[in-house]
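1. Next comes the sequence, and after it the predicted model I'd like to discuss.
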Amino acid sequence: MSAPKISGLIRQNGQSLVRKAVDTIIVQDKAGNQQRVSLPRKIAGFALTKLATRSVPGAILVGGVLLAKHLHDRKQERKKDAAEEGE
């Protein structure tokens with residue numbers, strides 16, 4: 001795809017993409033089959049979505065935070081799995 005087509009898709013769907021990313025990584029707290037979302041997490045998700053959709057630096061910042069959180073969670077999960085295997 002060419003750059004203008006990609007930028008057009010991002011402009012049209014950027015807000016929904018960021019909202020889905022925030023919902024997937026930060027907002028959802030999976031507890032069994034139920035998904036509980038606390039009020040502070042809802043507020044944080046809303047604020048991050050607004051920041052990311054208003055400016056490119058905001059989108060970069062939010063994207064970096066989401067990536068860092070995802071990598072941190074994966075590392076913690078691997079540590080937990082290794083500890084369980086060692087027992």
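-> All right, it came through fine.

2. Report the helix or strand with the lowest average pLDDT across this structure.
-> Within the chain, no helix or strand scores below strand 29-31, which has a mean of 49 by mean pLDDT, DSSP states H and E.

3. Give me the buried stretch members for the helix or strand hosting His72, please.
-> Under the criterion of DSSP states H and E, His72 resides in helix 56-86. Residues Gly58, Ala59, Val62, Val65, Leu66 are the ones in helix 56-86 that count as buried (16 or more other CB atoms under 10 Å). For every residue, glycine as well, the C-beta is placed using N, CA and C.

4. which one among the residues you listed gets closest to Thr49?
-> Distance to Thr49, by CB to CB, is smallest for Val62 among the buried residues of helix 56-86, at 8.1 Å.

5. pretty sure the closest one contacts Arg54?
-> No. The pair Val62 and Arg54 fails to qualify as a contact (CB atoms under 8 Å) at a distance of 10.4 Å.

6. ok, Ser38 to Gly45 distance?
-> Using CB to CB, to the nearest Å, Ser38 is found at 10 Å from Gly45.

7. The two: which has the busier surroundings?
-> Per other CB atoms under 10 Å, whichever of Ser38 and Gly45 has more neighbours is Gly45, with 20 against 10.
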